[in-house]
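In: Below are the sequence and a predicted model; questions follow.
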Amino acid sequence: MTTGVEGYMYPNEITLYWSVLIVLYPYITGLVAGAFILASLERVFRVEAVKPTYRLALLTALSFLLVAPLPLQLHLGHPERSLEMYFTPHRTSAMAMFGFVYLWYLMAVLTVEIWLDYRHDIVVMAQSSTGMKRWFYKVLTLGSNNISDRALAIDERVGWVITLIGIPSAFMLHGYVGFIFGSIKANPWWSSPMMPVVFIFSAMVSGIAAVMLLYMLVTRLRKQKIDMLCVDTIARYLFYMFIVDFSLEMLDLIHRIYEADESFRSLNFMVHTKLYFSQIVLQICIGTLVPIALLGLTQVLQLHEIVRKRIYVAAGCLTMMGIFAMRWNVVIGGQLFSKSFLGYTTYKMALVTREGLLMSIALTILPLFILWALVKLLPPWPKTAKGELPA
Amino acid sequence: MSVFKESGHLFRLAALYAVGTLTFLFIRGVLVPKSFGQYGHYRGNAITEIAAHPIHFAGHQACDTCHTDVQQLKQSGMHARVNCEGCHGPLAKHADDPSVQPAKLDTAKLCVRCHAASAAKPRGFPQVAALDHSNGLPCETCHKPHSPAISAGGAK
């Protein structure tokens, strides 16, 4: 039981109760918020260059949003009890209120926006497809086949409003995840009003990187040409977001160093020992500085298209890893030190248990399968006049 | 009005959400117990239900009534403030009817629940790595559980 304990730990601190699944929860939720913000760039801010990724970003957000509660369900057990959160919500519980934020985002924002954007295609597919698919699309039309120009113009306007509401909702969704950690005043590693802001910007970084990688991968799988203007624009926004995110994280760090409260020596020691690899090496160096430098290169140098693509893939993958490391360092790091500031424990990840490595890998891959199914049912790219995919 | 006509699908969506909300409220009405929230954020009836549960613990005063010798021995040792049922388990049935005998305790397993070595315990608290300390022998081989310190003359 004492394996991995150095110095003095209170009895309830020796075992980490928030496992790798709780790392996945903000990671997946962040991808949702980030992907949605990228989609809103086209819809609200009229960045036409990113249009090829608009629908893919929405479907990505939905796929990850459907999986977002699963790490919590698996961690807590008794998934049937999660409904109690909706039936008898406790207004002073941050997690209970998060259930409503989640539901709002899923039902009032994402589903409605996707439905409005796809309605024309759904009606067309309900008329052109056969068998079970026909019934599926017919149900999705809600019995209305009106795709007149006027009706579609109304959809466009309503969709715009939904996206506009969606932006603060996406901020709220992921800001809330940060709030849940930032509001734990007994834990100096978490307790910071900066936490929701840092979480939102890191979410945008990871979501934009994820959609950029998915777009490049899907386009390649479809044997289509990658729209370089689109990818260049996404990479530019990724670069800007990353700089803001990194600045905020550094601001938080500098503030902690200068303030140097009673927890500082203990936390500083932890960052230089137990968290050295995951925080300094993975998160800050390989997962932040390297991708920022790579993306910065593409902004100042005139690089060939192939080189830019490779840089974007490398920077995107490193970004995804860096943001995962950030979530890891927040969740796991916050449980490694004793609140007596006199000791440290160790997190040993299980392999095949309910909260083990294999389960987290499965949960990370699951949204990609859902996305694959969604893309099959609701293709995010326009069809040609013949109903074939564009050559 | 053509706007309303052209927005028919939006009304259908709104109706679907309204039906969903009503269904939720109906299920909530059926599933949430009527006494929920009567006194606080819990089922009001739970109080009388819990009060009706059979009592399992007798309390150390009941033990002291008959086991005066053990009580006196305990008071002189380190376990003076450890409740009888803390080790022996709930004994209300035994207190009601002394012919109901409590289960025999295995001290090799029982004592390490508190006394297994752990860095998280205060340094002054007696704690041992059981295998190194006694090689699996029952603790009562050397220690008297009711007064566990070993004096120069042997076990008390």
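Out: Everything's here; your move.
In: State the three-state secondary structure for the residue in the stretch 1-150 of chain A that chain B sits nearest to.
Out: At 3.7 Å from chain B, residue A:144 is the closest residue in the stretch 1-150 of chain A, using Cβ to the nearest Cβ. Just so you know, the C-beta spots here come from the backbone N, C-alpha and C atoms, and that holds for glycine as well. At residue A:144 the chain is in coil, as set by DSSP: H, G, I helix; E, B strand; the rest coil.
In: so where's the longest helix in chain B?
Out: Ranked by residue count under DSSP state H, the longest helix found in chain B is helix B:8-31.
In: mean confidence for it?
Out: Taken as a whole, helix B:8-31 carries a mean pLDDT of 96.
In: in it, what counts as buried?
Out: Neighbour-count burial for helix B:8-31 flags B:9, B:10, B:13 (criterion: 16 or more other Cβ atoms under 10 Å in any protein chain shown).
In: From residue A:141, how far off is the last one?
Out: In this structure, residue B:13 and residue A:141 are 11 Å apart, going by Cβ to Cβ, to the nearest Å.
In: same check, this time on residue A:124
Out: 10 Å.
In: Neighbour count for those two, which is higher?
Out: The residue with more neighbours, out of residue A:124 and residue A:141, is residue A:141; 20 against 16, by other Cβ atoms under 10 Å in any protein chain shown.
In: The more buried one contacts residue A:123, doesn't it?
Out: Yes. The criterion here is Cβ atoms under 8 Å, and residue A:141 meets it with residue A:123 at 5.4 Å.
In: quick revisit: can you spell out which helices and strands pack onto the longest helix of chain B?
Out: Counting contacts by 3 or more Cβ pairs under 8 Å, 6 or more residues apart in numbering or on different chains; DSSP states H and E, helix B:8-31 packs against helix A:84-87, helix A:111-128, helix A:149-182.
In: let's see 6 Å
Out: If you count contacts as 3 or more Cβ pairs under 6 Å, 6 or more residues apart in numbering or on different chains; DSSP states H and E, helix B:8-31 packs onto no helix or strand.
In: can you list the residues that contact it?
Out: If you take Cβ atoms under 6 Å, 6 or more residues apart in numbering or on different chains as the criterion, helix B:8-31 is touched by A:87, A:142, A:144, A:146.
In: how about the nearest residue to the third one, chain neighbours excluded?
Out: Residue nearest to residue A:144 in three dimensions, not counting chain neighbours: residue B:9, with 3.7 Å by Cβ to Cβ, 6 or more residues apart in numbering or on different chains.
In: and residue B:45, how many neighbours does it have?
Out: Using other Cβ under 10 Å as the criterion, residue B:45 is surrounded by 13 other residues.
In: isn't it right next to residue B:36, touching?
Out: No. Here residue B:45 does not reach residue B:36: they are 8.9 Å apart, not a contact under Cβ atoms under 6 Å.
In: List the contacts of the most centrally placed residue in chain A.
Out: Note on chain A: the residue nearest the mean C-alpha position is residue A:31, at 1.3 Å, using Cα atoms, centre = their mean. Taking Cβ under 6 Å, 6+ apart, we find residue A:31 in contact with A:64, A:206, A:207, A:210.
In: Quickly check those residues for the two that are furthest apart.
Out: Largest separation among the contacts of residue A:31 by Cβ to Cβ: A:64 and A:206, giving 10.3 Å.
In: what pLDDT does residue A:113 get?
Out: pLDDT for residue A:113: 95.
In: What sits closest to residue A:182 if chain neighbours are left out?
Out: Here the residue nearest residue A:182, using Cβ to Cβ, 6+ apart, is residue A:195, at 2.9 Å.
In: Name the residues of the stretch 201-350 of chain A found near chain B, please.
Out: By Cβ under 6 Å from any Cβ of the partner chain, no residue of the stretch 201-350 of chain A approaches chain B.
In: closest to chain A among the buried residues of helix B:8-31?
Out: Of the buried residues of helix B:8-31, the one sitting nearest to chain A (Cβ to the nearest Cβ) turns out to be residue B:9, at 3.7 Å.
In: So which of residue A:64 and residue A:206 has more stuff around it?
Out: Using other Cβ under 10 Å, the more surrounded residue of residue A:64 and residue A:206 is residue A:206, with 32 against 27.
In: what about residue 40, neighbour count?
Out: Went with chain A since none was named. Neighbours around residue A:40, by other Cβ under 10 Å: 21.
In: Correction: the question concerned chain B.
Out: Neighbours of residue B:40 using other Cβ under 10 Å come to 8.
In: next one: residue A:373
Out: 11.
In: looking at this, it is in a helix?
Out: Yes. Counting by three-state DSSP, residue A:373 is found in a helix.
In: what's the domain layout of chain B?
Out: Following automatic domain parsing, one gets these domains for chain B: B:2-51, B:56-102, B:104-156.
In: mean pLDDT lowest for which of the ones you listed?
Out: Of all these, domain B:104-156 has the smallest average pLDDT, which comes to a mean of 86.
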